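Participant: Show me how the following folds:
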Amino acid sequence: MRRLCRVLAALLIPAASLAVALIAVAGLVLIVGEDPGRALLTLLRGALGDPEGIGYTLFYATDYVFAGLAVALPFQAGLFNIGGEGQAALGGLGATLVVLALGDTPAPLVLVVAVIAAAGFGAAWAFVPALLQAWRGSHLVITTIMFNFVAAALMTWLLVEVLIAPGQSALETRTFLSRLWLPTLADLTAGTRFDAGEAPLNPIALLALLAAAFYWVLLYRTPLGYEIRAAGLNLLAAQAAGIRVPRIIVLAVCSGGAFAGLIAVNGLFGAQHRLTADLTAGAGFAGIAVAFLGRGHPLGVVLAAVLFGGLNQGGAALSFEMPGVTRDVVTVAEGIVIFVCGMLDGVARGHICRAMRILWTAPVRQTA
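Facilitator: Numbers count the residues shown, from 1 in each chain. Take a look at the predicted model:
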């Protein structure tokens, strides 16, 4: 029964937070002179109203799952990884180099090696900030932010001087061979009553779910996960208990970098089919909000990722159908959702849990 109460509290808190957040967004829409009810319905229809909208929502959510896990895992060790954007860019570089080097290799093998390379390059880009944190005490927030800028400069130079497609002025590589394009929801539903238009949802979404499951197993069912959580709860106590804290720091941050590197795989093989300068489109930074809204739990991260995917897709439909609600207004609305959900979680959690405990103990007092 007590476990049931905890589950109900865990469901009630985000539901109440999201409801208040939507009310706040409705107020914002009212301020810009549009009908809040129509705006919210348009947002929902754009995100979930048809197969194409659902496909785009889940496509964006796939990136956000990887990005959320990239922040959540190091945070379990008490570390704040803000380098997801740079790590994702390097992951895209690793996957692209595999494709360019193994062009004549069977497609399944190329895809598997590309996924491994994306995770490996992301982890490698996180290695130096992790090492500086573990052995020199350099703050991970500062070093990972700086590495984002270094990654952006490196990618620009490579795309201009080395990887740019012949005869191309845009900063992008040549298009991958069509046999490396993953099947999308649009391909599977073309010509049917459930036609998904151009929705690029692809099998990488299943990889994102597997990554969330792996995160749960690692964190809650392995000795390494126990050490990560122990270090996050009390660094000095973990060190006194014999846990090698520098090793934990490096492993946690590099594992987060590996998750971030996988962000690029979704766009590379499911949508763009080439490496571009803006491949990740800010997903690495959005992972911070996804991780915190999901409270670091894999299921919470997945649900938060779907929420942000819906806001992204629904916001695009909203700005198209209601010109008064520009993309900037949609961005502000996303910020309001993050702020309200984060604020109310801290404010309301104690009250809801206390009410659930009262409901649990009330029958006991009556029988006594």
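
Participant: So for A252, what's the nearest residue that isn't a sequence neighbour?
Facilitator: A77 (4.0 Å; Cβ to Cβ, 6 or more residues apart in numbering). C-beta here means a position set from N, CA and C on the backbone, and glycine is covered the same way.

Participant: burial count for that neighbour?
Facilitator: A77 has 24 neighbours, counted by other Cβ atoms under 10 Å.

Participant: wait, what's in contact with the one residue sitting closest to the centre of the chain?
Facilitator: Nearest to the geometric centre of the chain sits Y64, at 2.3 Å (Cα atoms, centre = their mean). Residues near Y64 by Cβ atoms under 8 Å, 6 or more residues apart in numbering: 283, 286-287, 290, 304-305, 308-309.

Participant: Does A134 touch C254 like I think?
Facilitator: No: contact criterion Cβ atoms under 8 Å: A134 and C254 do not qualify, at 10.6 Å.

Participant: what about the two, which has more around it?
Facilitator: C254 (24 against 21).

Participant: and the next element down the chain from the host helix or strand of L58?
Facilitator: For L58, the host element (DSSP states H and E) is helix 51-76. Proceeding N to C from helix 51-76, the next assigned helix or strand is helix 84-101, under DSSP H and E.

Participant: What helices and strands are in contact with that following helix?
Facilitator: Packing contacts for helix 84-101, counted by 3 or more Cβ pairs under 8 Å, 6 or more residues apart in numbering; DSSP states H and E, involve helix 51-76, helix 107-136, helix 140-161, helix 245-261, helix 263-267, helix 283-293.

Participant: Could you list the buried residues of it?
Facilitator: 84-99 (16 or more other Cβ atoms under 10 Å).

Participant: could I get the helices and strands packed on helix 84-101 as a markdown table with mean pLDDT and distance to H273?
Facilitator: Converted to a markdown table, the helices and strands packed on helix 84-101 look like this (pLDDT from 0 to 100; distance: least, Cβ to Cβ, whole Å):
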| stretch | mean pLDDT | distance to H273 |
| --- | --- | --- |
| helix 51-76 | 95 | 14 |
| helix 107-136 | 95 | 12 |
| helix 140-161 | 94 | 15 |
| helix 245-261 | 96 | 18 |
| helix 263-267 | 95 | 9 |
| helix 283-293 | 87 | 18 |
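
Participant: Tabulate these in a markdown table, adding columns for distance to P36.
Facilitator: Output for those, formatted as a markdown table (distance: least, Cβ to Cβ, whole Å):
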| stretch | distance to P36 |
| --- | --- |
| helix 51-76 | 20 |
| helix 107-136 | 40 |
| helix 140-161 | 36 |
| helix 245-261 | 36 |
| helix 263-267 | 33 |
| helix 283-293 | 23 |
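
Participant: Out of those, which one sits most buried?
Facilitator: Most buried of those, by mean neighbour count (mean count of other Cβ atoms under 10 Å): helix 263-267, with a mean of 30.

Participant: which residues are in contact with it?
Facilitator: 59, 62-63, 66-67, 70, 84, 88-89, 91-92, 95, 114-115, 118, 202, 204-205, 207-208, 279-281, 283-284.

Participant: re the thing from before, the nearest residue to the residue nearest to the centre of the chain once chain neighbours are set aside: what's it in contact with?
Facilitator: Closest residue in space to Y64, ignoring its immediate chain neighbours: A305 at 3.6 Å, by Cβ to Cβ, 6+ apart. If you count contacts by Cβ under 8 Å, 6+ apart, A305 has them with 61-65, 67-68, 208, 290, 294.

Participant: ok, now with 7 Å
Facilitator: Contact analysis of A305 by Cβ atoms under 7 Å, 6 or more residues apart in numbering lists 61, 64-65, 68, 290.

Participant: and if you look at P203?
Facilitator: Per Cβ under 7 Å, 6+ apart, neighbours of P203: L182.
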